[in-house]
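Asks: what's the 3D shape of this:
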Amino acid sequence: MRRGLSNALRNGRNAGRFLARGRGRFTQQLRGFCISWPTKVTELPDRGDKAPEPAIGAVSVVLDERGKTLSSTELAKRLENWRDGGKREVRFLIGAADGHDEEQRQSADLLLSFGAATWPHMLARAMLAEQLFRATSILANHPYHREG
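Replies: Numbers count the residues shown, from 1 in each chain. Next up is the predicted model:
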């Protein structure tokens with residue numbers, strides 16, 4: 001199977017070793033699946049620094065409370081379609097305290113929401129890591145995910 005890169009970019013302060021360990025658990029488990037993408041987390045300061053330029057043809061997913069809520073199965077299907085369509089990088093952008101600017105939202109391939117609530121950065125990162133792990137397990141037909 002084709003492999004790509006899952007890249008989580010975030011702005012904001014680092015916090016919570018507990019949440020970092022949770023996120024780390026899922027990113028470690030991601031590496032155990034043969035169909036998973038390598039995972040990279042890029043830290044950016046709160047303000048003033050722009051994300052590095054994406055690879056040509058990369059998919060951009062902006063986490064935003066105004067975005068679309070997807071089930072785990074729907075997210076897995078999106079990732080599968082991008083992977084099988086030759087996309088080598090999917091970038092997940094987690095905003096700073098003030099969120100994303102309109103340009104970032106408009107240029108995104110997908111605005112993704114984990115619900116209408118506002119989540120702390122570290123929790124959003126842990127939730128994203130878990131959903132990527134879950135999506136990968138769904139695509140591998142692993143019993144981690146239980147539908148219903």
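
Asks: Distance of N141 relative to R134?
Replies: Per CB to CB, to the nearest Å, N141 is found 13 Å from R134. C-beta: built from backbone N, CA, C; applies to glycine.

Asks: Sort out which residues of stretch 75-82 are buried, please.
Replies: By neighbour count on 16 or more other CB atoms under 10 Å, the buried set for stretch 75-82 is 75-76, 78-80, 82.

Asks: neighbour-wise, which of N141 and R134 wins?
Replies: Taking other CB atoms under 10 Å, N141 and R134 do not tie; R134 has more neighbours (18 against 7).

Asks: tell me the secondary structure for that one?
Replies: helix (DSSP: H, G, I helix; E, B strand; the rest coil).

Asks: Would you tell me which strand is longest in the protein?
Replies: Ranked by residue count under DSSP state E, the longest strand found in the chain is strand 59-69.

Asks: so what does the helix or strand following it touch, helix or strand wise?
Replies: Using DSSP states H and E, the helix or strand that follows strand 59-69 towards the C-terminus is helix 72-84. Identification of packing neighbours for helix 72-84 by 3 or more CB pairs under 8 Å, 6 or more residues apart in numbering; DSSP states H and E yields helix 121-139.

Asks: quick one, the helix it packs on and helix 72-84 angle?
Replies: Angle of helix 121-139 versus helix 72-84, following axes from the mean of the first three to the mean of the last three CA atoms, to 10 degrees, is 80 degrees.

Asks: Which other helices and strands does helix 121-139 contact?
Replies: The contact analysis (3+ CB pairs under 8 Å, 6+ apart) places helix 121-139 against strand 5-11, helix 17-30, strand 39-44, helix 72-84, strand 89-94.

Asks: mind listing what the last one pairs with, with the direction of each?
Replies: When you say that, I think you mean strand 89-94. Partner strands and pairing direction for strand 89-94 (DSSP bridges) are strand 5-11 (parallel), strand 59-69 (parallel).

Asks: related to what we said a few turns ago, give the buried residues for the longest strand of the chain.
Replies: Applying 16+ other CB under 10 Å to strand 59-69 flags 59-64, 67 as buried.
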